[in-house]
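[1] What follows is a predicted structure for the sequence shown.
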Amino acid sequence: MSPLLFLLAVAAAGGRPSLAYLDAVEQYRRGDRDLVGETWWIEPLDEEIDALKRLRRTAATCGDCAERARFEAFPHEAAVMLHTEQDVHERDQIGEREEVAPGPAPHLEAAREILEMIPDLERRRRFERPWFLAVVLHLHRRGQWLLAEEYVGEALRRYPDDPRLLLARGSLLETEATLDARADPAEAAPRMSTRARAAWKMAAAVRNRLADAEKCYRRALKAQPDLLEARVRIGRVLHTMGQPGKAAAELEAVVATPAADARLLYLAWLLLGAAREAEDRPRDAATAYRTAIGLQPDSQPARLALSHVLHRLGDRAASLEALRAAVASAGRGAKWDPWWLYLWGQSYETDGRLEALRDEVTR
Amino acid sequence: MRAAGLVAAALLMASPLAAQPVPTFSASVEAVYVDVFVTRDGRPVGGLTAADFEVRDNGVKQDVSLASLDEVPIVAVMVFDASASLAGARLDDLRAAGRALLSGLRAQDEAMLLTFSHELRLAVPPRSDRSAVQRALDRLVPGGHTALWDALYAGLKLPVALGRPLVVLFTDGRDDLSWLSPEQVLDVARESNALVHVVAIVPPAQQVLAAGTSGALRTETRAVEPPRLRALRAVAEVTGGRLWPASASAQLGSTFLGVLAEMQSRYLLSYTPQGVPREGWHRLAVKVKGRKGTTVRSRGAYFVAETAQAPPPAR
């Protein structure tokens, strides 16, 4: 059945998704993204999703009926992506805020519900794994930790050994642990009498999250031994947990890998510098930072790190020179240094992954 | 050397060994300058002479003289948070406060502006032309995350012009992307010649329950100082400066002027170290003789580096 016939047929039947909604999904499937960000096609959202569910129930019980054909002709994947892009758009509108309070995600929920309705199991499995990953990365990028955890948890229940999902979950836990370690117990417990306990609980939660993150990274590496980002992150987690020697060993393994890409090599050298400093080997740290700068010449974090370690070594003139170079590098090179993006996990892949999914449903 | 309220100090090294600038007013090639703030009942005490002070360097009493503050320009290093959390009225208030600080500087003083989000930007290098700083403040566009400790490190080390470096850090205390840790910056502050004042937006006082002596519960209003501000307070105090809490950005203008007023009612003591080795750490103790009830705030130590030699940890 052609999409147009489908629309007409469904619209003719009462209690089904509205013509406006179906038309929007069809427009999107044809590659028209202009309606993302508009609201005319989603009012009221709950009713459209309920109508789709009713159609599915009817299709499931009516045998070889017309309703079934109509339901199966519905472009589920396109609908999933339309709702997903709507969520991305709405969160992008909030801008680059440092902190965004956790909130509801009605469009992602709608997308997930429609995903479950994809009639063919193989077809659904082909689509849902990359979709879950893209959504988790998008939520991580937007600082929606709880939602991201929920989605990655669901994805890992379905695909427990997927290395990319494991890497994403580990990164999420590591980010949360890092931010929690800088959090203020007074915000969690305004009363003085309970603050010490709150601080202790927060410290324990940070340790547990870091340990869980390390487990995720190790499982990811086991599933995909060449997933070097997992090893870089193991290095940082071990350093954060006060094990610089073990951290350095992991990072040394990364920098010795010929196939590593420049971004990962840069991060590995930068973090190796930090581990060497913690091992009280400032000269080796300086060498590591200089190598990182060689890979990313406009890196402000690496130049700052070098300035500080030179200060520690007593070479004040070189330290000042490195600091001046760090400040002079502002605005040059990439807008976001890989270190600045580190806490945002694999967010740098989000747009590419969403685009690949979009291409798949609109081709 | 400890005081409860408004007291501060900074140290200017006129030694060729010092990492920081050599003041031109120096009468001696190895003079040490100690910036001192004296109060009684929270108010600055004026009219003191060199004879009123006792300075001990590593426990050894020194022969001090008093330098005129007019001879020494202030290099005001404005280290301002420009991250996304500054958007809105807070930015307008900060601009106004920055202008107030600039207008309070003397003709011989210099100002520089270092802004930070996740990235540090030297918006205006040290110069006596205030309008450049003012224009940079007007052009400030907040955005991004926060590398507060990296910025403070840069603020401590960058001012190498001659004079008394005064770092005025404005922050809400949040940091999510610094490479350097508070402890690392504290160590650098100990060695720096800069005087650090931190102007921080702090949460308002909270109502808390407390037990009285009879065990009965009562409500008390307590200012809650988050740990992130405690670390900033430590950095300020180790340089002889202080943390200036502001519960609203509207208070920033008067707070900045308070910082400047304090800077201009300090004493600058000078001495040539006698009876102590010149390299390494020097513990400083400054007190006012024969004046009960006065509190003195000044830097607690200074460090003279040997070329290309790692300093011992300052603890």
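    Noted; the coordinates are in hand.

[2] residue contacts, the residue nearest to the spatial centre of chain A?
    Compute the mean C-alpha point of chain A, and by C-alpha atoms, centre = their mean the closest residue is residue A:137, 1.8 Å away. The contact partners of residue A:137, taken as C-beta atoms under 8 Å, 6 or more residues apart in numbering or on different chains, are A:168, A:345, A:346, A:347, A:349, A:350, A:353. Placement of C-beta: from N, CA and C, glycine included.

[3] So what's the residue count around the fourth one?
    Okay, so that is residue A:347. By other C-beta atoms under 10 Å in any protein chain shown, the residues close to residue A:347 number 19.

[4] And the nearest residue to it once chain neighbours are set aside, its phi and psi?
    Spatial nearest neighbour of residue A:347, excluding adjacent residues (C-beta to C-beta, 6 or more residues apart in numbering or on different chains): residue A:141 at 3.7 Å. In terms of degrees, to the nearest 10, the main-chain angles of residue A:141 are phi -60, psi -30.

[5] low-confidence ranges in the chain?
    Using chain A. Along chain A, the parts satisfying pLDDT under 70 run over A:1-15, A:43, A:95-103, A:184-195, A:333-334.

[6] Actually, chain B is the one I wanted.
    In chain B (pLDDT under 70), the answer is B:1-30, B:161-162, B:203-227, B:306-315.

[7] Check the chain for its longest helix and report it.
    This is for chain A. Ranked by residue count, the top helix of chain A under DSSP state H comes out as helix A:192-223.

[8] um, chain B though
    Longest helix in chain B, counting by DSSP H: helix B:89-104.

[9] If you count contacts, what does the helix or strand harbouring residue A:309 end up packed against?
    Taking DSSP states H and E as the criterion, residue A:309 maps to helix A:300-312. Other elements packing on helix A:300-312 under the criterion 3 or more C-beta pairs under 8 Å, 6 or more residues apart in numbering or on different chains; DSSP states H and E are helix A:262-278, helix A:282-295, helix A:316-328, helix A:338-342, helix B:148-157, helix B:182-191.

[10] Can you say which of those helices is nearest to residue B:51?
    helix B:182-191 (29.4 Å; C-beta to C-beta).

[11] What distance do you get for residue B:112 to residue B:89?
    26 Å (C-beta to C-beta, to the nearest Å).

[12] Could you check which of these two has the larger neighbour count?
    residue B:112 (24 against 11).

[13] ok so that one is a strand residue?
    Yes. Counting by DSSP: H, G, I helix; E, B strand; the rest coil, residue B:112 is part of a strand.

[14] That one pairs with what?
    In this entry, residue B:112 is beta-bridged to residue B:77, by DSSP bridges.

[15] check contacts around it.
    The contact partners of residue B:112, taken as C-beta under 8 Å, 6+ apart, are B:75, B:76, B:77, B:78, B:122, B:124, B:125, B:126, B:127, B:133, B:158, B:159.

[16] still on that earlier bit, in the longest helix of chain B, which residues are buried?
    By 16 or more other C-beta atoms under 10 Å in any protein chain shown, the buried positions in helix B:89-104 come out as B:90-91, B:93-102, B:104.

[17] same thing with stretch A:158-174?
    So for stretch A:158-174, counting by 16+ other C-beta under 10 Å, buried means A:159, A:162-174.

[18] Columns distance to chain B and secondary structure on top of the residues you listed, output as CSV?
    Listed next are these as CSV, based on distance: C-beta to the nearest C-beta, whole Å; DSSP: H, G, I helix; E, B strand; the rest coil:
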residue, distance to chain B, secondary structure
A:159, 31, coil
A:162, 29, coil
A:163, 27, helix
A:164, 25, helix
A:165, 25, helix
A:166, 25, helix
A:167, 21, helix
A:168, 20, helix
A:169, 21, helix
A:170, 19, helix
A:171, 15, helix
A:172, 15, helix
A:173, 16, helix
A:174, 13, helix
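
[19] ok, so of these, who is nearest residue A:358?
    The closest of these to residue A:358 turns out to be residue A:164 (C-beta to C-beta; 18.6 Å).

[20] So the closest one is in contact with residue A:133, correct?
    Yes. Using C-beta atoms under 8 Å, residue A:164 is in contact with residue A:133, at 5.6 Å.

[21] all helices for chain B, in order.
    B:89-104, B:130-139, B:148-157, B:182-191, B:227-238, B:252-263.

[22] helices and strands around the last one, which ones?
    In terms of contact count using 3+ C-beta pairs under 8 Å, 6+ apart, helix B:252-263 is assigned the packing partners helix B:89-104, strand B:164-171, strand B:195-201, strand B:243-246.

[23] about what we covered before: ok, how many other residues are close to the residue nearest to residue A:347?
    21.

[24] Tell me how far it lies from residue B:158.
    From residue A:141 to residue B:158 the distance is 33 Å (C-beta to C-beta).

[25] try residue A:40
    Distance, residue A:40 to residue B:158, by C-beta to C-beta: 54 Å.

[26] These two: which is more packed in?
    Applying other C-beta under 10 Å to residue A:40 and residue B:158 shows that residue B:158 carries more neighbours, namely 24 against 10.

[27] Quick check: nearest residue in space to residue A:167, chain neighbours excluded?
    In space, residue A:167 is closest to residue A:220, 4.6 Å off (C-beta to C-beta, 6+ apart).

[28] from what I can see that neighbour touches residue A:160, true?
    No. Under the criterion of C-beta under 8 Å, residue A:220 is not in contact with residue A:160, lying 11.4 Å apart.

[29] about what we covered before: out of the helices and strands packed on helix A:300-312, which is the most enclosed?
    Among the helices and strands packed on helix A:300-312, the stretch with the highest mean neighbour count (mean count of other C-beta atoms under 10 Å in any protein chain shown) is helix B:148-157, at a mean of 27.

[30] does chain A sit close to that helix?
    Yes. Helix B:148-157 lies within reach of chain A by C-beta under 8 Å from any C-beta of the partner chain, at B:150, B:153, B:154, B:157.

[31] so residue A:87 touches residue A:111, yeah?
    Yes. Between residue A:87 and residue A:111 there is a contact under C-beta under 8 Å: 7.5 Å.

[32] Tell me how many other residues crowd residue B:257.
    The burial count for residue B:257: 15, using other C-beta under 10 Å.

[33] How about residue A:222?
    Neighbour tally, residue A:222, other C-beta under 10 Å: 13.

[34] distance of it from residue A:230?
    Applying C-beta to C-beta to residue A:222 and residue A:230 gives a distance of 9 Å.

[35] Could you list which residues are in contact with the residue nearest the centre of chain B?
    Nearest to the geometric centre of chain B sits residue B:196, at 1.4 Å (C-alpha atoms, centre = their mean). Going by C-beta under 8 Å, 6+ apart, residue B:196 touches B:152, B:155, B:156, B:167, B:169, B:189, B:235, B:236, B:239, B:241.

[36] and with 10 Å instead?
    Residues in contact with residue B:196 (C-beta atoms under 10 Å, 6 or more residues apart in numbering or on different chains) are B:8, B:10, B:77, B:79, B:152, B:155-156, B:165-169, B:185, B:189, B:232, B:235-243.

[37] So for residue A:203, what's the nearest residue that isn't a sequence neighbour?
    Spatial nearest neighbour of residue A:203, excluding adjacent residues (C-beta to C-beta, 6+ apart): residue A:181 at 7.9 Å.

[38] Distance-wise, check the one you found relative to residue A:199.
    For residue A:181, the distance to residue A:199 equals 11 Å [C-beta to C-beta].

[39] follow-up on the earlier one: my read is that the residue nearest to residue A:203 contacts residue A:209, right?
    Yes. Using C-beta atoms under 10 Å, residue A:181 makes contact with residue A:209 at a distance of 9.3 Å.

[40] Alright, I will stop here.
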